[in-house]
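Chemist: starting from these lines, generate the structure:
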Amino acid sequence: MTDLLHRFAASEIKAAVAERYGQVANAPSAKFNFPVGRMFAESVGYDPVKLDQLPRGAWESFTGAGNPQPYVALQPGETLLDLGCGAGLDLCLYAERIGPSGKLYGLDLSQPMLDKAGANLRAAGIRNVEWLHASADAIPLPDDSIDIVTANGIYNLSPDKDAVMREVARVLRPGGRTVFAEIVLAAELPGEVRQAIDDWFRCIGGALLEEDFLSHLQASGLVHPEVLWLGRNARTGHELARCAVIRAEKSA
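Modeler: Okay, here's the model as predicted:
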């Protein structure tokens with residue numbers, strides 16, 4: 001348990017997260033202590049040609065941990081859930097690959113982000129999407145209903161990461177998989193870095209060691225966890241932070 005979780009209740013952290021990311025949705029050009037917007041998206045590998053084809057709102061509030069897009073192998077007709085979908089950039093790109101016969105779900109704790117994502121996907125002509133205003137540790141979907149769960153920086157914002165992982169395992173169909181980008185640590189952080197709520201928004205205050213993250217996935221019922229990519233970007237400001245793209249599966 002981090003020092004921050006000793007000082008704040010989980011409900012307080014969730015409320016602070018929803019409020020801060022609501023601000024990102026409503027005023028993306030404001031100053032935040034984490035990168036926001038198109039420049040950051042391009043720096044982690046999002047194709048500027050693709051971004052040009054999307055509504056501005058899809059990328060101006062982008063706040064991911066990295067770029068899971070190259071690693072999320074999708075098939076037409078699959079069902080996908082994006083946890084912490086934000087303003088919908090990743091969903092817009094996933095929609096191209098699953099096609100109109102597939103189904104998208106976007107979940108976010110921030111209603112302003114969901115409202116913005118809905119407007120962005122409608123503007124992009126994407127209709128096969130359903131929005132879930134909920135916490136990632138209580139996903140309002142049935143068991144065994146999703147082919148792939150994706151995320152881009154949601155675990156570090158979640159006070160109970162194990163609960164999120166258990167929910168991912170629950171909603172995945174047997175043989176389904178999760179692929180996501182997340183901040184992990186190369187070594188334990190000093191205690192003082194975990195004491196301020198601003199460190200939580202930087203995806204540092206709630207970060208896990210890389211090996212611990214994989215162990216927690218296994219303990220939550222997800223098998224074959226592996227790091228597909230590991231590197232640094234503008235979100236990994238602390239010297240011990242890394243961005244990892246991680247994959248795990250649900251047993252068939």
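Chemist: where does the stretch 101-250 of the chain dip in pLDDT?
Modeler: Flagging of the stretch 101-250 of the chain using pLDDT under 70 yields the residue ranges 191-205.
Chemist: nearest residue to Met165 in space, please, no chain neighbours.
Modeler: Ser220 (3.5 Å; Cβ to Cβ, 6 or more residues apart in numbering). No exception for glycine: its C-beta is placed from N, CA and C like everyone else's.
Chemist: ok, Glu78 next?
Modeler: Leaving aside its sequence neighbours, Glu78 sits nearest to Asp147 (Cβ to Cβ, 6+ apart; 4.2 Å).
Chemist: residues contacting that neighbour?
Modeler: Going by Cβ atoms under 8 Å, 6 or more residues apart in numbering, Asp147 touches 78-80, 172-173, 176-177.
Chemist: thinking again about what came up before, the residue nearest to Met165 touches Arg170, doesn't it?
Modeler: No: Ser220 is not in contact with Arg170 according to Cβ atoms under 8 Å; the separation is 9.4 Å.
Chemist: follow-up on the earlier one: and the residue nearest to Met165, how far from His238?
Modeler: Here the criterion is Cβ to Cβ, to the nearest Å. By it, Ser220 lies 26 Å from His238.
Chemist: list the contacts for the residue nearest to Met165?
Modeler: Applying Cβ under 8 Å, 6+ apart, the residues near Ser220 are 162, 165-166, 168-169.
Chemist: most neighbours of all those, which one?
Modeler: Neighbour count (other Cβ atoms under 10 Å) singles out Val168 as the most crowded of these, with 29 neighbours.
Chemist: what residues are up against that one?
Modeler: Taking Cβ under 8 Å, 6+ apart, we find Val168 in contact with 83, 139, 149, 178, 220, 222.
Chemist: how about a cut-off of 10 Å?
Modeler: 81, 83, 136-137, 139, 146, 149, 151, 154-155, 176-178, 180, 217, 220-222, 248, 250 (Cβ atoms under 10 Å, 6 or more residues apart in numbering).
Chemist: out of these, which sit inside helices?
Modeler: Residues of the contacts of Val168 located in helices (DSSP state H): Leu217.
Chemist: out of the contacts of Val168, which end up buried?
Modeler: Neighbour counting by 16 or more other Cβ atoms under 10 Å classes 81, 83, 136-137, 139, 146, 149, 151, 154-155, 176-178, 180, 217, 220, 222, 248, 250 among the contacts of Val168 as buried.
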